[in-house]
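Visitor: Got a predicted structure plus its sequence, pasted below:
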Amino acid sequence: MAPDGTAENQVVAASDETLVLGTLRGDRSAFAELYDRRARFIRAICYDATRDSHVASDLTQEVFLRAYRKLGDLADPARFGPWLVSIARRVCLEWRRGRIRDRQMLGQSLHDLEVIGPMHAPDDQVTDLREAIAKLPEKDRLALHSFYLQELDAEQARTVLGLSRSGLYRALASARRKLAEILHKQETFP
């Protein structure tokens, strides 16, 4: 209530913990809100692992499906973000292992295929940047994705990554420094 006795029109966003508990009580809209909050970030993690937006979208769906099924196993609902990131890492690792297995099974068959028409390479600078980001340690890559690419504020980014505020800023500083070094080396040694 406002001082004059009227209701205020302020909307307070529910915490992840509240939404997890709501989902566990059967509120599907609570899980939809968790999805809306985290899907872009999880998709970025999956894209980082696959370099394919369609596969990343599919893996994102798998991550949220697993999270929904295992939500009752989450020991601390307040740590939903870091828990979801760990599921995404596991799903991406499984995807990579599957790709390696598939490549081994195809073996020489791929060697025999002819390429029809020229391949369209993306802009060299974008490619260089993507390659440089891929070389960063995972903690640094995730910090870049959450803060700069997903435009989460520092509090949201640190919560999702399970870092302290200073830990997030250290990861961002480290990522920027290492990214500059990698790009400088790529420029110096083409």
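Guide: Yep, it's here.
Visitor: Now the element after the lowest-mean-pLDDT helix or strand in the chain, going C-ward?
Guide: Lowest by mean pLDDT, DSSP states H and E among the helices and strands of the chain is helix 108-112, with a mean of 38. In the C-terminal direction, the helix or strand that comes right after helix 108-112 (DSSP states H and E) is helix 124-135.
Visitor: Other residues contacting that next one?
Guide: 48, 51, 121, 141, 144, 178, 179, 182, 183, 186 (Cβ atoms under 8 Å, 6 or more residues apart in numbering). Bear in mind the C-beta positions are built from the backbone N, C-alpha and C, glycine included.
Visitor: cutoff 10 Å now
Guide: 47-49, 51, 121-123, 140-141, 144-145, 149, 175, 178-187, 190 (Cβ atoms under 10 Å, 6 or more residues apart in numbering).
Visitor: next one: stretch 88-103
Guide: 38, 41-50, 55-56, 58-67, 110, 138, 142.
Visitor: What of stretch 47-57?
Guide: 39, 42-46, 58-60, 88-89, 91-93, 95-96, 99, 130-131, 133-134, 136, 138, 141-142, 144-145, 149.
Visitor: 6 Å instead, please
Guide: Residues from elsewhere that reach stretch 47-57 (Cβ atoms under 6 Å, 6 or more residues apart in numbering): 43, 46, 92.
Visitor: Let's see which of those residues end up in strands.
Guide: Among those, none falls in strands (DSSP state E).
Visitor: Who wins on neighbours among those residues?
Guide: residue 46 (25 neighbours; other Cβ atoms under 10 Å).
Visitor: what residue ranges in the protein score low on pLDDT?
Guide: The chain contains residues with pLDDT under 70 at 1-12, 101-124, 188-190.
Visitor: Break it down into its domains, please.
Guide: Under the assignment automatic domain parsing, the domains of the chain span 14-110, 122-190.
Visitor: Count the neighbours of residue 70 for me.
Guide: 11.
Visitor: try residue 63
Guide: What residue 63 shows, counting by other Cβ under 10 Å, is a neighbour count of 26.
Visitor: Name the nearest residue to it, sequence neighbours excluded.
Guide: residue 88 (4.8 Å; Cβ to Cβ, 6 or more residues apart in numbering).
Visitor: What does the one you found show for phi and psi?
Guide: When read as degrees, to the nearest 10, the backbone of residue 88 gives phi -60, psi -40.
Visitor: these two touch, right, residue 150 and residue 42?
Guide: No: using Cβ atoms under 6 Å as the test, residue 150 is too far from residue 42 to be in contact (9.7 Å).
Visitor: More neighbours: those two, which one.
Guide: Taking other Cβ under 10 Å, residue 150 and residue 42 do not tie; residue 42 has more neighbours (28 against 19).
Visitor: what about that one, distance to residue 167?
Guide: Counting by Cβ to Cβ, to the nearest Å, the separation of residue 42 from residue 167 is 20 Å.
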